[in-house]
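Participant: based on what follows, work out the 3D shape:
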Amino acid sequence: MSTAITAESVEGAGLSLHRKIDWTGAFWVASGVPALVLFSIGGIAATVGKASWLVWTISIIFGFIQSFTYAEIAGLFPGKSGGASVYGAVAWVRYAKFIAPTSVWCNWFAWSPVLAIGSGLGAGYILSLFFAPDATINTWQLTLLDLGAVKEGLTLRINATFLIGLVLMLACFAIQHGGILRSARATMIMGVAAMLPLMLIGIVPLVTGDLPRENFLPLVPLGHDAAGNPIDGAWDKAGWILFLGGLFIAAWSTYGFETAVCYTREFKNPKQDTFKAIFYSGLVCLAVFILVPLSFQGALGLSGMLAPDIYSGMGVGKAMANMIGGGPVIETIVAILLIFALMLTIMTAMAGSSRTLYQASVDGWLPRYLSHVNEQGAPTRAMWTDLTFNLILLMMSDYLFILAASNVGYIIFNFLNLNAGWIHRMDRPNWERPYKAPTILLAIGGVLAYVNAALMGAGADVWGAHTLWTGLIFAALIIPVFLFRHYIQDKGVFPKDMVEDMHLGKEERVEKRAGMLPYLALAAGVVIVLVTHWWATS
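Facilitator: Presented below is the predicted three-dimensional model:
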């Protein structure tokens, strides 16, 4: 079956996404991903200790290898939006009807909290920049709900962080409302402003040699003495659990540049643009995710990384601004640019996650109302859904827990889609592939699917006793949502275009050649998660 498409919007009644950008547009929209280092660099540093830089280096290498699989499967479906989860769903739907929407759902709820977390951190940077920690604006809050049953100390509250974060989020929404072309132009401007401080933070300490040896060695995870004081730990069970927990949560940031393939449906030339977008995004992420954590650790040292505002993330911007030096004026400018970087991540996430909701609705996974786009080709109802969901998350008092719980979904998505690579190879061996990943990289990506499953099982609860189960329960919510769409709204029949695109019939050159292998892959993944979780918690 041909995958050729026209350069215009999809034919048919109604409005559609527009083909208005090339790979550079997607690159700039995805350029918010390097700033995701700001979300958990403090938490990882304060939890893992001197081995934290190694966590980031290993994690981004994993992410770069995996991106080749995503580039290949995205090229198979140049007429689809929504990213790797949608392309992976095509592989799974012929084997397990409920697995396909699970992939899409998990990708969405992993990416969507970027709006709340990024807005909250940006608000925190602003408050720390202009007000003292004990100022009234930083201390007042109205508690709405105690969520201690989910995680100790977790609440829903309204405070200055929520109010300023809401303004930041609405500003990003207004830009996104104008469609992908305006978003790409806006993010290009913001991307240049955001990348500058990140590169300076990563390079200046290396050039000046301000990386004391004692801040890195001995290369061991964090430990505690009998009195609970932090010390250099060891590579024992406790140390490995912390290290695996660091790798687990770093994946949420380092794997994120796969969002560059979310815009295949909006590329002018998807055959050429898809691989270029993800490859060059990956190169930038390699530099940022290796250099910035290295310099951050060298500048702060163990005692600095253990500060409470570093763990929460609220003090990371100020700490990074101080790393460059140059006096109060320069430090203020750098802090402001880091706020731009966070705004950029919000833009990236809003663009990608809303398109995932949109395409999932078009394909029959999620409720129909999400299929709407405005005159500029922006999926506005999906964007409003994102916004509403994140208003609730923005009121939560622990952003790192939100990140960790959402990352459970992200690991599930990655597991399913890395396996989708070899399933597509088996079921669609003769399909045209604008980019075909080297078989060795496809195989390594398949192995990394199980490595990620082990990281989730062993490391998720490092960030809270119920993190793993919170994430799994939210992932399971797709079942009633899908049942409503498929059996109530669609009477058990998939949309016509989806049936054609997903090849549920007996189309030429598409067969179920994988046999029992997809089911064995799923079973192996479940076993690995359960065994590693038992090991870590026993």
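Participant: which parts of the helix or strand containing residue 458 are buried?
Facilitator: Using DSSP states H and E, residue 458 falls within helix 439-459. Buried residues in helix 439-459, counted by 16 or more other C-beta atoms under 10 Å: 441-442, 444-446, 448-459. The C-beta positions use only the backbone N, C-alpha and C, and glycine is treated the same way.
Participant: next one: stretch 47-59
Facilitator: For stretch 47-59, by 16+ other C-beta under 10 Å, it's 47, 48, 49, 50, 51, 52, 53, 54, 55, 56, 57, 59.
Participant: quick one, what contacts residue 426?
Facilitator: Residues in contact with residue 426, defined by C-beta atoms under 8 Å, 6 or more residues apart in numbering, are 513, 514, 517.
Participant: chain neighbours aside, what residue packs nearest to the first one?
Facilitator: Across the structure, with C-beta to C-beta, 6 or more residues apart in numbering as the measure, the residue nearest residue 513 apart from its sequence neighbours is residue 426 (4.5 Å).
Participant: nearest to residue 521, of the buried residues of stretch 47-59?
Facilitator: For the buried residues of stretch 47-59, the minimum distance to residue 521 (C-beta to C-beta) is 22.6 Å, reached by residue 59.
Participant: just want the phi and psi numbers for the closest one.
Facilitator: With angles defined as degrees, to the nearest 10, residue 59 sits at phi -70, psi -40.
Participant: among the contacts of residue 426, which lie within helices?
Facilitator: The helices, defined by DSSP state H, take in residue 517 from these.
Participant: just the buried ones out of the contacts of residue 426, please.
Facilitator: Members of those classed as buried by 16+ other C-beta under 10 Å are residue 514.
Participant: closest to residue 362 among the contacts of residue 426?
Facilitator: residue 514 (25.7 Å).
Participant: could you tell me the model confidence score at the closest residue to that closest one other than its chain neighbours?
Facilitator: Counting by C-beta to C-beta, 6+ apart, residue 514 lies nearest to residue 426, which is 4.7 Å off, once chain neighbours are set aside. You'll see residue 426 listed with a pLDDT of 89.
Participant: tell me which element residue 426 falls in.
Facilitator: Short version: residue 426 belongs to helix 399-427, going by DSSP H and E.
Participant: buried ones in that helix?
Facilitator: For helix 399-427, using 16+ other C-beta under 10 Å, the buried residues are 399-425, 427.
Participant: what residue ranges in the stretch 401-538 of the chain are flagged as low confidence?
Facilitator: 497-510 (pLDDT under 70).
Participant: and what of the chain?
Facilitator: Applying pLDDT under 70 to the chain flags residues 1-32, 78-85, 175-194, 260-272, 274, 325-326, 374-378, 497-510.
Participant: looking at this, residue 158 is in a helix?
Facilitator: No. Going by DSSP: H, G, I helix; E, B strand; the rest coil, the assignment for residue 158 is strand, not a helix.
Participant: measure it to residue 35 for me?
Facilitator: Counting by C-beta to C-beta, to the nearest Å, the separation of residue 158 from residue 35 is 26 Å.
Participant: these two - which one has more neighbours?
Facilitator: residue 35 (30 against 15; other C-beta atoms under 10 Å).
Participant: find the nearest non-adjacent residue to the more buried one, please.
Facilitator: Spatial nearest neighbour of residue 35, chain neighbours left out: residue 341 (3.8 Å); criterion: C-beta to C-beta, 6+ apart.
Participant: then residue 48?
Facilitator: Nearest to residue 48 is residue 246, by C-beta to C-beta, 6+ apart, at 4.1 Å.
Participant: the one you found belongs to a helix?
Facilitator: Yes. Secondary structure of residue 246, determined by three-state DSSP: located in a helix.
Participant: so it makes contact with residue 459?
Facilitator: Yes. Applying C-beta atoms under 8 Å, one finds residue 246 in contact with residue 459, separated by 7.3 Å.
Participant: what is the nearest of the buried residues of stretch 47-59 to residue 294?
Facilitator: Nearest to residue 294, judged by C-beta to C-beta, of the buried residues of stretch 47-59 is residue 53 at 4.8 Å.
Participant: mind checking the SS state of residue 121?
Facilitator: Reduced to three states by three-state DSSP, residue 121 is helix.
Participant: isn't it up against residue 314?
Facilitator: Yes. With contact defined as C-beta under 8 Å, residue 121 counts as touching residue 314 (6.9 Å).
Participant: who has more neighbours, these two?
Facilitator: residue 121 (29 against 22).
Participant: now do the strands in the chain.
Facilitator: 141-146, 155-159, 222-224, 230-232 (DSSP state E).
Participant: got the buried residues for the second one?
Facilitator: Buried residues in strand 155-159, counted by 16+ other C-beta under 10 Å: 155, 156, 157, 159.
Participant: do the third one as well
Facilitator: By neighbour count with 16+ other C-beta under 10 Å, strand 222-224 contains the buried residues 222, 223.
Participant: residues in contact with that strand?
Facilitator: 47-51, 230-234, 238-239, 242, 302.
Participant: which single one of those is nearest to residue 349?
Facilitator: residue 47 (23.7 Å).
Participant: how about that closest one, what does it touch?
Facilitator: 222, 242, 245, 246, 311, 462.
Participant: mind redoing it with 10 Å?
Facilitator: Residue 47 makes contact with 40, 55, 221-222, 242-243, 245-246, 249, 305-306, 311, 400, 462-463 under the criterion C-beta atoms under 10 Å, 6 or more residues apart in numbering.
Participant: top of those by neighbour count?
Facilitator: Among these, residue 246 has the most neighbours (other C-beta under 10 Å), with 30 neighbours.
Participant: how much space separates that residue from residue 318?
Facilitator: Going from residue 246 to residue 318 by C-beta to C-beta gives 23 Å.
Participant: where along the stretch 251-400 of the chain do the helices fall?
Facilitator: For the stretch 251-400 of the chain, the helices defined by DSSP state H, counting those that start in this stretch cover 270-305, 308-312, 316-324, 327-362, 380-394, 399-427.
Participant: chain neighbours aside, what residue packs nearest to residue 238?
Facilitator: Of all residues not flanking residue 238 in the chain, residue 223 sits nearest, at 7.2 Å (C-beta to C-beta, 6+ apart).
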